[in-house]
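# What follows is a predicted structure for the sequence shown.
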Amino acid sequence: DQQVKQNSPSLSVQEGRISILNCDYTNSMFDYFLWYKKYPAEGPTFLISISSIKDKNEDGRFTVFLNKSAKHLSLHIVPSQPGDSAVYFCAASAPDSWGKLQFGAGTQVVVTP
Amino acid sequence: DVKVTQSSRYLVKRTGEKVFLECVQDMDHENMFWYRQDPGLGLRLIYFSYDVKMKEKGDIPEGYSVSREKKERFSLILESASTNQTSMYLCANRGRGTDTQYFGPGTRLTVL
């Protein structure tokens, strides 16, 4: 039973526009959320994270929003660039879980010129 | 910067062979993890280790075992490889005081 869901397997966006990636979770114990970016034939790269005590975290072009009541988080990329074309994974962890992460299935983002 | 290295980027093995995948970290982190990544399924945890000689099953441990004899090294073992173990295998470690994990480059394993 997947506890972290990314319902959009793919997203196409024009260069310069905003990319919005969505993620839903079912486990109310999750208190730390992360986004990873992955290019083909490489390991995932940590992008940005947010603790459940916040509702927004920003790092350059990347902003993560957390809505705890809806068990929903989103990643905004503004402006999108061709180098952002990759698979993005949402992940979550719960306290006292040895730092184990539950991952979503991923969203393939394609940024077109 | 945390560095995680994996012994091979690409590996081709035959059904029934014993396969060793090695992961080495250059930091003094206790927690290390092995995942496999398959299209449409995301990353699924196979095993993790929270200290030397300590190991715990993840979500899909069947067909796999692990070894952690030294803190910096975490090995994944496929006792008898099968075609359904064809996948991308990813090793990670966990930064101290955080749940952020840092991944190696991955090993693409093909079992024929």
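That came through, no problem. Residues are numbered from 1 along each chain as shown, chains lettered A, B, ... in the order given.

# in the sheet, who's paired with the residue nearest to residue B:10 when sequence neighbours are not counted?
Closest residue to residue B:10 in three dimensions, ignoring its sequence neighbours and counting by CB to CB, 6 or more residues apart in numbering or on different chains: residue B:108, at 5.0 Å. All C-beta atoms are positioned from the backbone trio N, CA, C, and that covers glycine. Here residue B:108 sits in beta bridges with residue B:10, residue B:88, going by DSSP bridges.

# So residue B:108 is in contact with residue A:41, correct?
Yes - when contacts are counted by CB atoms under 8 Å, residue B:108 is listed as touching residue A:41 (6.8 Å).

# Who has more neighbours out of those two?
Relative neighbour count places residue B:108 above the other of residue B:108 and residue A:41, with 17 against 11, counting by other CB atoms under 10 Å in any protein chain shown.

# circling back: identify the contacts common to residue B:108 and residue A:41.
Common contacts of residue B:108 and residue A:41, defined by CB atoms under 8 Å, 6 or more residues apart in numbering or on different chains, comprise residue B:9.

# Residue in chain A with the shortest distance to chain B?
Chain B sits closest to residue A:43 of chain A, with a gap of 3.6 Å, by CB to the nearest CB.

# Give me the nearest residue to that residue, chain neighbours excluded.
residue B:103 (3.6 Å).

# Then residue A:92?
Setting aside the residues directly before and after it, residue A:92 is nearest to residue A:30 in space (CB to CB, 6+ apart), at 4.1 Å.

# if I read this right, that neighbour contacts residue A:91, doesn't it?
No - using CB under 8 Å, residue A:30 makes no contact with residue A:91, being 9.6 Å away.

# More neighbours: the two, which one.
Between residue A:30 and residue A:91, residue A:91 has the larger neighbour count (other CB under 10 Å), namely 26 against 22.

# just to revisit the earlier point, so who does the residue nearest to residue B:10 touch?
With contact set as CB under 8 Å, 6+ apart, residue B:108 has these partners: A:41, B:9, B:10, B:11, B:88, B:89.

# Quick check: residues of chain A near chain B?
By CB under 8 Å from any CB of the partner chain, the part of chain A that sits against chain B consists of A:2, A:4, A:6, A:9, A:32, A:34, A:36, A:41-46, A:49, A:89, A:91, A:93, A:98-101, A:103-106.

# I'd like to know which of these are buried.
Buried by 16 or more other CB atoms under 10 Å in any protein chain shown: A:4, A:6, A:32, A:34, A:36, A:42-44, A:46, A:49, A:89, A:91, A:93, A:99-101, A:103-106, out of these.

# so of those, which ones are in strands?
A:4, A:32, A:34, A:36, A:46, A:49, A:89, A:91, A:93, A:103 (DSSP state E).
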